[in-house]
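**Q** sequence and predicted model, in that order:
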Amino acid sequence: MKDFEQEDPIPQGDLALQITALPRETNGFGDIFGGWLVSQMDLAGTAMASKVAAGRVATVAIDRMAFLVPVAVGAQLSFYTQALEIGRSSIQMLVEVWSDDPLSSEWRKVTEAVFVFVAIDGSGRTRSVPPRR
Ligand SMILES: CCCCCCCCCCCCCCCC(=O)SCCNC(=O)CCNC(=O)[C@H](O)C(C)(C)COP(=O)(O)OP(=O)(O)OC[C@H]1O[C@@H](n2cnc3c(N)ncnc32)[C@H](O)[C@@H]1OP(=O)(O)O
């Protein structure tokens, strides 16, 4: 976890999703709810993992999650993904969330996690990830 907390100047990986944090996603304190962020990270990671796997994937684990700073309502969120490791059927995907704060115009990393996706067939059984071209 420690090595994740360093200030990276730029996002790692490819842009997978961009979304605005709306008031309906807040918790009782008025900050954006972490559970909503995790769902969006899963969607971003799934989109990229299914490209790598050339088909259906399932989330099997979420590892090394860090909420670094709170997300403000109205923030423009960008989700970046990077495949860290590809196994027989699994893909470890780093998902970083970067925020462009509307008030301060500050651009910073707010959350990151490593998701593990598994390539599955139509019956939900694991299958091999095809070799990279
Ligand atoms: C403030 C915050 C509040 C938060 C508050 C939350 C509220 C907000 C919620 C938002 C939440 C969003 C996140 C939703 C994310 C879903 O929606 S998760 C639910 C959907 N996922 C599923 O239903 C998958 C269920 N699992 C399965 O069906 C089976 O585990 C699978 C995927 C078919 C795999 O079967 P298996 O028997 O485990 O297969 P197995 O051959 O043992 O392993 C396959 C590969 O996976 C790897 N693997 C298996 N388990 C693991 C593991 N645990 N770790 C790493 N690798 C593993 C193996 O090493 C293997 O790798 P390879 O050597 O083949 O490369």
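**A** That came in fine, so what should we check first? Values in this document were obtained by computation on a predicted structure and should not be read as measured data. Residues are numbered from 1 along each chain as shown.
**Q** so where's the chain uncertain?
**A** 1-8, 133 (pLDDT under 70).
**Q** in stretch 38-53, what's buried?
**A** Buried residues in stretch 38-53, defined by neighbour count with 16 or more other C-beta atoms under 10 Å: 38, 40-42, 44-46, 48-49, 52-53. All C-beta atoms are positioned from the backbone trio N, CA, C, and that covers glycine.
**Q** repeat for stretch 124-133
**A** So for stretch 124-133, counting by 16+ other C-beta under 10 Å, buried means 127, 129.
**Q** in the chain, what residue lies closest to the ligand?
**A** residue 87 (2.2 Å; C-beta to the nearest ligand atom).
**Q** ok, that residue to residue 119 distance?
**A** 10 Å (C-beta to C-beta, to the nearest Å).
**Q** now do residue 84
**A** 16 Å.
**Q** who has more neighbours out of these two?
**A** Comparing residue 84 with residue 119 by other C-beta atoms under 10 Å, the one with more neighbours is residue 119, at 25 against 14.
**Q** in a helix, that's where residue 38 is, yeah?
**A** Yes - Residue 38 forms part of a helix when assessed by DSSP: H, G, I helix; E, B strand; the rest coil.
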